[in-house]
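A.B. asks: this is a predicted model, with the sequence first.
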Amino acid sequence: MATQSQSTAAFTQQLGKYYASYTGAFVAFVVLLAILEWIGVPNRVIGYLFVFFTLAVYAMIGIMSRTAQVSEYYVAGRRVPAFYNGMATGADWMSAASFVGMAGTLFLLGYDGIAWVLGWTGGYVLVSTLVAPFLRKFGAYTVPDFMSHRYGGNFARFLAVIVLVSCSFTYIVAQVYGTGIIASRFLGMPFEIAVFVGLAGILLCSMLGGMRAVTWTQIAQYIILIIAYLLPVIILSTQKYGIPIPQLMYGQAIQDITAREGQMLQTGLATAAALKPHIVPFQTYSPLNYFGIILCMMVGTASLPHILMRYFTTPSVREARQSVAWSLFFIFLLYFTAPAYAAFSKLEVYTEIIGRDITQLRPWLFTWGEIGLIKICGKDAVNLDAVIAACKAIANHPGVVRLQDFNINTDVIVLSTPEIAGLPYVISGLVAAGGLAAALSTADGLLLAIANALSHDIYYKMLDPNASTVRRLTVARILLLVVAVCAAYVASTRPADILAMVGWAFSLAMAGNFPALVMGIWWKRTTTTAAVLGIIAGFGLCIFYLVCTRYFPQAGVTYFGMSSLTNPTTGANLVDIAKVMADPKWVADVPASAANPLQSKVGWFGLNNINCGMLGAPLGFIVMIVVSLLGKEPSKEMQAFVDEIRKPRGQTVIQDKAS
Amino acid sequence: MESKDQSYWNDTSRLMWITLAIWFFFGYVIHAFVNVLNKITILGFPFGFYMAAQGSLIAFVVLLFWFAKAQDKIDRKHGVAEDE
């Protein structure tokens, strides 16, 4: 034992050395590019260098840690130290939605956007107390492994795979979509092609080395993404207030925003309808939906397979718990900066763009306008002439940009803040590289979760239990490729915005996994029948609510008693259902198109469909409790098994095969 | 044997409930009073806004490190901790 812990310490120390020199090299690379920009190398070249250099590094790590061992492929040999696993989980967790989308959402929604920040951090408390350490003790390769062992075999396994694939797939589409936005802006290629380029990067990391390669790449990606996120906002804070701690200084920025909001209203630069005061709560989400989002995101965190499986890789149960704490710490570094990011860029937009004469607009705006992400006066801001023409068309337009004239896609805020603030282009390139790292690392983890479930759970455990190691890993790799291409195809059709897609993934995971996982560990009395019925009922209700409100709102209104969601400030209905339903054009619009006024605007109790987990999970719990109590107590062996996973000491319940 | 397991699980469950109570307070209860708290201003931040954007997050991080330690202590007390 002593030699083993010695070698573990040496291993950890060596990791520290590797990643320290890696960080140094990256900083040197950024400085080099800054010098290149200074001597006049064009922006496009700098963008290319950033993207290709970082992709090459990830690919190299992926190739260096390729493996042909099953336990290395699925759980990285279970020797990732808590601290580094925390970092890898941070990258796994923080996706395009966090890096690219979150500050934008906070920018747009102000206080209400913070629901996402709270939901995506507090969930780790549930991970650590209720779920992850017990699954680590069980010794699973995948979450369905646990479901199958606890709930009597392959039917439960199959259900768990369905839940896993549906939530992970929804999530991965959002990541590939984010990659596409970044690549199309910084490499100047069409969105549909950019999606597939991003995909190639994802596959390079995860194809050869499975969990092992993904772990070491994710740590590298975390380092890049956190530098890229913090640096611009630190510069902004120093520029504005002279102190490089944005997280403290944005209190000032918030005061300035509030003052500017009043000023804009007085001078006619904004109408009360267009302006959402930054700090006033419950303007976008009603309190029910606000707290609903917090709950669904938190519980979803504790149910998402690609996150839970990261804790299968630690050397012990103790380290699994410490690792959850480190994960949250690394995630926290970005999340408590996001509101500062939002405040600083909002202040820049309110003072630099709103109120500016439309003939004086700065040229960076048009690079985003060209890809349809910034609109001024209702039209894409393609160039100066287009903007002037669009604003002329509006009656009594004063010739300066007003708040209601300016429309910026939330996904653009983080990527464009360096340009809004007039920072050197090298910072923009850095931010793009960071966003790419965030999207790629999450996509890697998700792809791996899906491919593992299909190869390990469906192929090996259900179809061909005698498959050789080589064959299993080959199947895993082929499936990885198939899933990746499907995701890229769906993403290239631009299905919805990133945040909504990610929100659904969490709700689906919450409804499908959470009750069965928690009850399986914390209540011995839970029976197989109860769990199976609970999963079907909870997950079924959640998916019904989601699909019905989004694609078949007419049926929801006619047959299921759904009514319009309401505006939380005024209490008025968001849509006039009677009027829309009287129009044959919308009644015939099945499944509902994006233009349909009813889409995602109807529901029960005013509940937004992002929160469908709020309906599914409680139903799942109730079904499990009631059916369990009606049935026979689980066998002695099953109860002994539950006792076994509750105690950290001793061997894992399932043994890793040496092969 | 049975009762030894039972007392370990009782301690573990108690810690779980305490942790979740703190989690519930910082995740939900405090934000229900955002309008009241916003009347207080610290460093330019309205306090209700600050708690949601930063305060609760810090609480969660500290809570998790504390929990990992406390659970380890329980494991050792009952002799079910893993070897180092």
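C.D. replies: Right, received. Where do you want to start?
A.B. asks: A:Ala28: which element?
C.D. replies: Using DSSP states H and E, A:Ala28 maps to helix A:2-38.
A.B. asks: enumerate the positions of that helix that are buried.
C.D. replies: Of all the residues in helix A:2-38, those buried under the rule 16 or more other CB atoms under 10 Å in any protein chain shown are A:Leu15, A:Tyr19, A:Tyr22, A:Phe26, A:Phe29, A:Val30, A:Leu33, A:Ala34, A:Glu37. Yep, even glycine has a C-beta here, placed from its N, CA and C like the rest.
A.B. asks: what's the farthest-apart pair in these?
C.D. replies: A:Leu15 and A:Glu37 (33.1 Å; CB to CB).
A.B. asks: give me the residue from chain A nearest chain B.
C.D. replies: Proximity to chain B, evaluated over chain A using CB to the nearest CB, is greatest for A:Gly251 at 2.9 Å.
A.B. asks: specify the local secondary structure of that residue.
C.D. replies: helix (DSSP: H, G, I helix; E, B strand; the rest coil).
A.B. asks: wait, what's in contact with the nearest residue to it once chain neighbours are set aside?
C.D. replies: Among residues not flanking A:Gly251 along the chain, B:Gly44 sits closest, at 2.9 Å (CB to CB, 6 or more residues apart in numbering or on different chains). Counting by CB atoms under 8 Å, 6 or more residues apart in numbering or on different chains, B:Gly44 makes contact with A:Gly251, A:Gln252, A:Ala253, A:Ile254, A:Gln255.
A.B. asks: in contact with the fourth one, which residues?
C.D. replies: What that stands for is A:Ile254. A:His278, A:Ile279, A:Ala343, B:Gly44, B:Phe45, B:Pro46, B:Phe49.
A.B. asks: measure the residue nearest to the first one when sequence neighbours are not counted to A:Tyr285 for me?
C.D. replies: Looking back up the chat, that one is A:His278. Closest residue in space to A:His278, ignoring its immediate chain neighbours: A:Gly110 at 4.0 Å, by CB to CB, 6+ apart. Using CB to CB, to the nearest Å, one gets 11 Å for the distance from A:Gly110 to A:Tyr285.
A.B. asks: all helices for chain B, in order.
C.D. replies: Using DSSP state H, the helices of chain B run over B:2-27, B:34-37, B:47-50, B:56-77.
A.B. asks: of those, flag the one that's most buried.
C.D. replies: helix B:47-50 (a mean of 22; mean count of other CB atoms under 10 Å in any protein chain shown).
A.B. asks: could I get that one in CSV with only the CA atoms?
C.D. replies: Taking Å, rounded to 0.1, in the frame of the first residue of the first chain, the C-alpha atoms of helix B:47-50 are listed here in CSV:
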residue,chain,number,x,y,z
PHE,B,47,-27.6,42.9,-1.6
GLY,B,48,-30.3,40.7,-3.0
PHE,B,49,-28.6,40.8,-6.4
TYR,B,50,-25.3,40.2,-4.8
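A.B. asks: is that helix anywhere near chain A?
C.D. replies: Yes. Helix B:47-50 is in contact with chain A by CB under 8 Å from any CB of the partner chain, via B:Gly48, B:Phe49, B:Tyr50.
A.B. asks: so which elements touch that helix?
C.D. replies: Helix B:47-50 is packed against helix B:34-37, with contacts defined by 3 or more CB pairs under 8 Å, 6 or more residues apart in numbering or on different chains; DSSP states H and E.
A.B. asks: so which elements touch the helix it packs on?
C.D. replies: Using 3+ CB pairs under 8 Å, 6+ apart as the contact test, the elements touching helix B:34-37 are helix B:47-50.
A.B. asks: show the average pLDDT along the helix it packs on.
C.D. replies: Taken as a whole, helix B:47-50 has an average pLDDT of 93.
A.B. asks: got the contact list for it?
C.D. replies: Applying CB under 8 Å, 6+ apart, the contact partners of helix B:47-50 are A:111, A:114, A:251, A:254, A:279, A:281, B:31, B:33-42.
A.B. asks: make it 10 Å
C.D. replies: A:110-111, A:114, A:251, A:254, A:278-281, A:339, B:30-44, B:55-56 (CB atoms under 10 Å, 6 or more residues apart in numbering or on different chains).
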